[in-house]
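compute the structure for the input listed below.
(one chain, ligands or ions: 2)
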Amino acid sequence: MDQAALILLNFNAVSLYDKITNNLKQHFNLNSRTIIPDIDLRKFYSEERDQYYSTKLIEYALLNYSEFKKILMITDFDLYVPVLTFVFGEAQLNGKAAIVSAHRLYPEFYGLPPNDELFISRLIKEINHELGHTYGLRHCFNFECVMHSSSNVDEIDIKSENFCNKCLEKLNLF
Ligand SMILES: [Zn+2]
Ligand SMILES: [Zn+2]
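Ligands and ions are numbered 1, 2, ... in the order given. The predicted model follows:
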């Protein structure tokens with residue numbers, strides 16, 4: 001089994017670690033080591049936007065955790081890239097590193113009551129989606145496939161946490 005770094009950057013849903021690591025085993029055959037990084041956040045933060053720059057966080061992860069086969073960063077921070085208002089996550093296509101933001105996956109973000117089940121299902125979908133990119137998968141037209149692109153949580157809720165057969169075939173080549 002390949003080894004992944006699971007980097008928790010200001011991620012507070014501690015009770016969900018087991019579900020996340022089990023998911024990495026099940027879908028990607030990855031064993032994960034949990035790491036809480038000691039990191040100076042100022043260089044990733046935009047005061048103007050009150051968000052963190054995901055591309056720079058990916059660069060940081062690559063520099064510091066290159067010994068791992070895959071690097072997955074999870075954070076409660078809201079993420080951005082300059083051309084977009086926000087991103088749920090970002091990944092290197094056919095690369096090593098991915099980052100997922102839980103910020104906009106909490107029902108509370110939309111003024112709704114907390115719902116752990118809904119939250120974890122959204123998080124798992126975003127993790128599978130971004131890691132899927134690191135295995136070379138691009139966006140999929142099948143709207144139930146986890147590789148379908150989502151620009152809001154409703155679109156995340158429609159899709160499943162699984163890969164469609166076409167995507168799965170490509171994933172299994174690894
Ligand atoms: Zn994507
Ligand atoms: Zn697909």
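
would you mind identifying the next helix or strand past the longest strand anywhere in the chain?
Taking DSSP state E as the criterion, the chain has its longest strand at strand 2-9. Next in sequence after strand 2-9, counting helices and strands by DSSP states H and E, comes helix 17-28.

chain center to that next one, what's the gap?
12 Å (CA atoms, centre = their mean, to the nearest Å).

quick one: buried residues of it?
By neighbour count on 16 or more other CB atoms under 10 Å, the buried set for helix 17-28 is 20-21, 23-24, 27-28. Glycine gets a C-beta too; all of them are placed from N, C-alpha and C.

what's that helix packed up against?
Judged by 3 or more CB pairs under 8 Å, 6 or more residues apart in numbering; DSSP states H and E, helix 17-28 is in contact with strand 2-9, strand 30-35, strand 70-75, helix 116-134.

now the farthest one out in the protein, which residue is it?
Within the chain, Glu48 marks the point farthest from the mean C-alpha position, 24.1 Å out by CA atoms, centre = their mean.

next one: phi and psi at it?
For Glu48, the backbone dihedrals (degrees, to the nearest 10) come out as phi -60, psi -40.

who in the protein is up against ligand 2?
Contact residues (CB under 5 Å from the ion) of the chain with ligand 2: 140, 142, 145, 147, 164, 167.

any idea how far the spatially most central residue of the chain is from Ile156?
The centroid of the chain falls nearest to Val100 when counting by CA atoms, centre = their mean (2.9 Å). According to CB to CB, to the nearest Å, Val100 stands 11 Å off from Ile156.
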